[in-house]
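# what follows is a predicted structure for the sequence shown.
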Amino acid sequence: MWPWGHLAAGYLVYRALDSNGARSTVSLLALALGTQLPDLIDKPFAWTIPLLPNGRSLGHSLVLALPLLVGLIVVLDGRRRRVAAALATGYLTHLGTDALYPALTGEWYYVGFLGWPLIEPIEYPSESAGIVEHFLAFEVTLTSGFEILLFVLAVALWIHDGVPGLRDVLRAVVDGIGRLRDAFSTA
């Protein structure tokens, strides 16, 4: 799944689970990070620096992710626990959506990444030469088109929800630019 598909699926799942609508900026940022984190771990270390067997191994393993995410939620309390739960929701949604296409087509071998390292690394027909090449090879297909529609739906619902988090992020960006400007003007 493409990054925007993971982000959209994560927001839709989180929105469905968050019945009271208390979507803090920090929780939404943690959710967004969680939706991308498995790829941020695996892709660079498989495609750019070949330390991992493929782009779905260490970061995509339920064997490793579940104990870490549950442990994080158990150890933290209050607001931090809610932020950790948002991160875990995004992370687990990512893993589930990566497993979705092969599961729907009955290609269970390609769902095996969830069990790495207990299950041998998956031999993919082709691994991308790198992240840039991966994005340059993007084509609109049935599945990528579905992900684009999913993203449009998630954005529409986010707007309907009052664009939670946007004001705080924009304020932080403006404050950061102001601090940079001040730092350069006094230097």
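In hand now; what should we look at?

# and the most centrally placed residue in the chain, how close does it get to residue 158?
Residue closest to the average C-alpha location in the chain (CA atoms, centre = their mean): residue 35, at 1.4 Å. Between residue 35 and residue 158 the distance, using CB to CB, to the nearest Å, works out to 13 Å. In short, each C-beta sits where N, CA and C put it, glycine included.

# shared neighbours, these two?
Residues touching both residue 35 and residue 158 (CB atoms under 8 Å, 6 or more residues apart in numbering): residue 11.

# sorry, back to before: show me the contacts for the residue nearest to the centre of the chain.
For residue 35, the contacting residues are 3, 6, 7, 9, 10, 11, 90, 91, 93, 94, by CB under 8 Å, 6+ apart.

# helix or strand for the third one, which one?
Using DSSP states H and E, residue 7 sits in helix 3-17.

# same for that helix, what does it pack against?
Counting contacts by 3 or more CB pairs under 8 Å, 6 or more residues apart in numbering; DSSP states H and E, helix 3-17 is packed against helix 25-43, helix 78-104, helix 142-160.

# point out the most buried one among these.
Highest mean neighbour count among the helices and strands packed on helix 3-17 (mean count of other CB atoms under 10 Å): helix 25-43, with a mean of 20.

# got the angle for that one vs helix 78-104?
If you take axes from the mean of the first three to the mean of the last three CA atoms, to 10 degrees, helix 25-43 sits at 40 degrees to helix 78-104.

# got the angle between the helix or strand just after helix 25-43 and helix 25-43?
Moving toward the C-terminus from helix 25-43, the first helix or strand encountered (DSSP H and E) is helix 62-75. Taking the same axes, to 10 degrees, one finds that helix 62-75 is oriented at 160 degrees with respect to helix 25-43.

# which residues are contacting helix 62-75?
The contact list for helix 62-75 (CB under 8 Å, 6+ apart) reads 38, 58-59, 81, 84-85, 87-88, 91-92, 95, 114-118.
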